[in-house]
Each structure stands twice: as C-alpha cells, then as structure tokens.
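Engineer: quick one, what's the 3D model for this:
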Amino acid sequence: MILDLIALDNSSKVWIYQADREFTYDELDFSREKIHEFLSVWTSHNQELHTYGNIFHRRFLALFVDESGAASASGCSIDKSVHFVQQLGNVLGIDFFNRLNYSYFENEEEIQMLPQSAFSEAYQSGTITDDTLVFDHLVKSKGDFLENWVRPLGQTWIKRVV
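Structural biologist: Just a heads-up that it's a prediction; the model follows:
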C-alpha cells in the first residue's frame with residue numbers, strides 16, 4: 001500500500017540510491033510511474049508493505065517501508081527493491097550503485113557530485129569545508145532522513161574520508 005511520506009511512522013526504514021547524474025524531466029515522470037507500479041505490488045512474504053517512494057532533487061531515489069504495524073521488509077523483499085532499482089537504472093542509463101560519489105550543496109542551491117578523490121581534494125583546497133551541506137545516504141529511518149540526510153560535512157561520517 002502506497003502512503004504519503006507524512007503518513008509513515010518516523011521509524012520507517014529508508015533506502016537511498018544516488019544517481020550518477022540528474023534525471024531529465026521526462027525521466028522523472030517515467031521513473032515516478034515505475035516507482036508507483038513497483039510499490040503497489042511490493043510485498044514481504046505475500047504481505048502488503050506500507051510504502052512510499054520518490055525521487056528527490058532530481059538525483060536521489062528513496063524507498064521507504066513503514067514496519068510499525070504492518071509487514072516488515074525481509075531479505076527477499078529488499079532484494080526485489082534492489083532488482084527494481086537496477087532495472088530502472090539499466091533502462092535509463094543511470095548508475096545508482098557507485099557509493100564512492102559524494103553529493104553536496106554548492107551556493108546553497110546547486111547540487112554537485114564528486115568522486116571520493118576529487119571530493120577529498122576539494123576539501124583540502126578549501127572549496128568544501130566542514131560547513132558544506134552534504135547528503136548522508138546511510139540514514140536508516142524516515143525520521144533520520146528528515147533530520148539528518150542533509151547536514152554539514154563536519155557532522156557526518158563522510159568527514160573521515162576527506
């Protein structure tokens with residue numbers, strides 16, 4: 001069952017997939033339709049999951065499962081979601097699985113993405129600082145997503161890799 005994000009419990013699990021480029025507007029429309037189709041049939045052990053999914057900032061695909069009274073996402077159901085994201089990426093020519101790219105806000109509005117080595121160089125040169133807002137895709141819950149997905153670099157685990 002697809003719900004609005006606001007209707008999900010703050011403990012709902014979240015998985016965030018970063019695209020290696022921005023979606024075009026046509027790709028956004030197509031992808032949101034495919035996300036809706038997937039979520040409408042996503043189950044765990046034949047039990048309906050309470051879900052939400054969307055693309056944020058034309059770059060980040062996030063899937064949520066509310067386990068606070070409904071079915072829980074199992075290993076098999078999580079595998080189904082990963083397979084869905086892989087298929088969507090193949091259709092669009094987007095890589096959602098490069099974990100060595102880091103995204104951040106530049107000028108408080110524009111999102112930039114750099115590979116780890118370039119990100120470290122930008123930090124060393126002062127282009128990126130501890131106050132630069134970065135995206136932490138390792139948040140685990142809706143509440144964490146809302147409060148900590150975007151934070152200053154100095155307050156994240158990413159600081160350790162620069």
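Engineer: for the residue with the largest distance to the centre of the chain, give its distance to V162.
Structural biologist: Here the chain reaches farthest from its C-alpha mean at S125, the gap being 28.1 Å by CA atoms, centre = their mean. As for S125, its distance to V162 is 11 Å (criterion: CB to CB, to the nearest Å). Heads up, the C-betas are built off the backbone N, CA and C, glycines and all.
Engineer: and the residue at minimal distance from the centre of the chain, backbone torsions?
Structural biologist: By CA atoms, centre = their mean, the chain has its centre lying nearest to I16, at 2.1 Å. As for I16, its main-chain torsions (degrees, to the nearest 10) stand at phi -120, psi 130.
Engineer: how is the chain carved up into domains?
Structural biologist: For the chain, the structural domains run 5-92, 101-161, going by automatic domain parsing.
Engineer: how near is T127 to L153?
Structural biologist: For T127, the distance to L153 equals 12 Å [CB to CB].
Engineer: do you have the strands of the protein handy? List them.
Structural biologist: For the chain, the strands defined by DSSP state E occupy 13-18, 43-44, 47-48, 50-56, 60-66, 101-106, 110-115, 133-135, 150-152.
Engineer: which of those strands is buried the deepest?
Structural biologist: Of all these, strand 60-66 carries the top mean neighbour count, a mean of 23, counting by mean count of other CB atoms under 10 Å.
Engineer: and the angle for that strand with strand 13-18?
Structural biologist: Computed by axes from the mean of the first three to the mean of the last three CA atoms, to 10 degrees, the angle separating strand 60-66 from strand 13-18 equals 170 degrees.
Engineer: strands paired with strand 60-66, and their directions?
Structural biologist: Strand 60-66 pairs in its sheet with strand 13-18 (antiparallel), strand 50-56 (antiparallel), by DSSP bridges.
Engineer: tell me, how many residues neighbour G143?
Structural biologist: 15 (other CB atoms under 10 Å).
Engineer: now the domains of the chain in TSV, with mean pLDDT?
Structural biologist: Putting the domains of the chain into TSV (pLDDT from 0 to 100) gives the following:
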stretch	mean pLDDT
domain 5-92	93
domain 101-161	95
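Engineer: run through the residues that contact the closest residue to D131 other than its chain neighbours.
Structural biologist: Here the nearest residue to D131 in space, its sequence neighbours aside, is P152; by CB to CB, 6 or more residues apart in numbering that works out to 5.1 Å. Residues in contact with P152 (CB atoms under 8 Å, 6 or more residues apart in numbering) are D130, D131, T132, L133, V134.
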